[in-house]
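J.: Below is the structure, and that's it, no one-letter string:
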Ligand code: KIV
Ligand code: NA
């Protein structure tokens with residue numbers, strides 16, 4: 001009864017087994033996914049949009065990531081918990097990255113961290129890995145760069161495709177144990193997946209990746225408004241939860257709750 005490790009994920013790629021990753025931001029939701037056998041839970045800085053009410057991931061702080069990561073670790077027994085390094089917690093350089101990652105490993109108990117960028121985050125990845133912290137790399141659309149990049153498909157055209165392939169190899173060579181590919185053409189993601197010995201984890205990157213990740217609130221239909229095209233909603237939690245709240249409020253208004261079995265004497 002041990003936790004999944006990065007070695008298990010490497011073995012899965014060798015066996016050609018695909019697996020799923022979900023985000024989680026709190027202990028109760030994480031415990032559901034852990035009991036459902038999801039092997040890897042990402043405490044994504046998508047918590048900014050999906051949990052904390054910001055418009056982007058940019059304002060998310062390391063303090064917030066540490067608090068959410070600790071909750072997800074407490075709620076799980078089996079999953080590998082990966083903590084996202086938020087914007088501004090690693091861009092200054094390897095020393096800052098090590099300080100930030102150490103915080104998530106020691107205080108929150110995560111088994112790995114994720115950071116955005118291939119070649120631009122090479123020195124950070126190398127130092128973290130040499131210090132014993134597994135690193136997941138995130139390429140393609142990197143939401144912390146929304147102000148320069150926007151939200152659109154990355155790696156289109158020969159030059160951008162070659163840069164993505166180079167970034168992926170650089171991340172692997174620096175010691176990353178997996179590479180997230182976000183909003184990348186399926187053909188390019190397939191080529192990256194064939195070229196790497198470490199697993200690729202796709203989100204809007206087609207079916208050839210070794211693994212797939214979705215933001216849990218999108219996957220479960222809890223997110224309000226439009227969801228990106230690459231999302232499949234496996235439940236309609238927003239409607240179900242809204243109906244439950246309305247039914248409770250109606251019962252209270254009508255005097256139908258509480259009843260005798262809910263009452264102490
Ligand atoms: O923060 C996040 O949820 C992510 C995934 C979409 C990969 O980085
Ligand atoms: Na993220």
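T.: Nice, thanks for sending it over. From a predicted model like this one, the values you see are computed outputs, not experimental measurements. Ligands and ions are numbered 1, 2, ... in the order given.
J.: Name the residue of the chain that lies nearest to ligand 1.
T.: residue 44 (2.4 Å; CB to the nearest ligand atom). Quick note: C-beta positions are derived from backbone N, CA and C, even for glycine.
J.: I figured that residue hits residue 51, correct?
T.: No: applying CB atoms under 8 Å as the test, residue 44 and residue 51 come out as separate, 9.2 Å apart.
J.: Could you pull out the residues contacting both of those two?
T.: residue 25 (CB atoms under 8 Å, 6 or more residues apart in numbering).
J.: Between the two, tell me which one has more neighbours.
T.: Neighbours per residue (other CB atoms under 10 Å) separate residue 44 from residue 51, with residue 44 holding more: 30 against 22.
J.: can you pull the pLDDT of the more buried one?
T.: Looking at residue 44, its pLDDT is 98.
J.: Could you give the number of residues near the residue nearest to the residue of the chain closest to ligand 1 when sequence neighbours are not counted?
T.: Closest residue in space to residue 44, ignoring its immediate chain neighbours: residue 23 at 4.3 Å, by CB to CB, 6 or more residues apart in numbering. Residues lying near residue 23 (other CB under 10 Å) number 26.
J.: Same check on the one 3 residues further on?
T.: In terms of burial, residue 26 registers 16 neighbours under the definition other CB under 10 Å.
J.: Secondary structure element holding the closest residue to it other than its chain neighbours?
T.: In this structure, residue 26 finds its nearest non-sequential neighbour in residue 71, 5.3 Å apart by CB to CB, 6+ apart. Counting by DSSP states H and E, the element that carries residue 71 is helix 62-74.
J.: Can you list the buried residues in that helix?
T.: In terms of neighbour count (16 or more other CB atoms under 10 Å), helix 62-74 has its buried residues at 62, 64-73.
J.: Counting by contacts, list what that helix packs against.
T.: helix 27-35, strand 40-43, helix 47-50, strand 80-84, helix 94-103 (3 or more CB pairs under 8 Å, 6 or more residues apart in numbering; DSSP states H and E).
J.: Could I get those in a markdown table, plus columns for mean neighbour count and distance to residue 159?
T.: Putting those into a markdown table (neighbours: other CB atoms under 10 Å; distance: least, CB to CB, whole Å) gives the following:
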| stretch | mean neighbour count | distance to residue 159 |
| --- | --- | --- |
| helix 27-35 | 18 | 39 |
| strand 40-43 | 29 | 30 |
| helix 47-50 | 22 | 30 |
| strand 80-84 | 27 | 28 |
| helix 94-103 | 19 | 28 |
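J.: Of all those, which one is nearest ligand 2?
T.: strand 80-84 (4.6 Å; CB to the ion).
J.: Break this structure down into its structural domains.
T.: 6-234, 236-265 (automatic domain parsing).
J.: Return the most buried member of those domains.
T.: Highest mean neighbour count of those: domain 6-234, a mean of 20 (counted as mean count of other CB atoms under 10 Å).
J.: Just checking the distance from that one to the centre of its chain.
T.: Centroid separation for domain 6-234 versus its chain: 5 Å, with CA atoms, centre = their mean, to the nearest Å.
J.: SS state for residue 4?
T.: What DSSP: H, G, I helix; E, B strand; the rest coil gives for residue 4 is coil.
J.: and stretch 169-177 with ligand 1, contact?
T.: No: shown here: stretch 169-177 not in contact with ligand 1 (CB under 6 Å from any ligand atom), separated by at least 13.6 Å.
J.: Please list the outside residues in contact with that stretch.
T.: With CB under 8 Å, 6+ apart, stretch 169-177 has contacts from 6, 9-10, 112, 118-119, 121-122, 125-126, 129-130, 134-137, 139, 179, 195-199.
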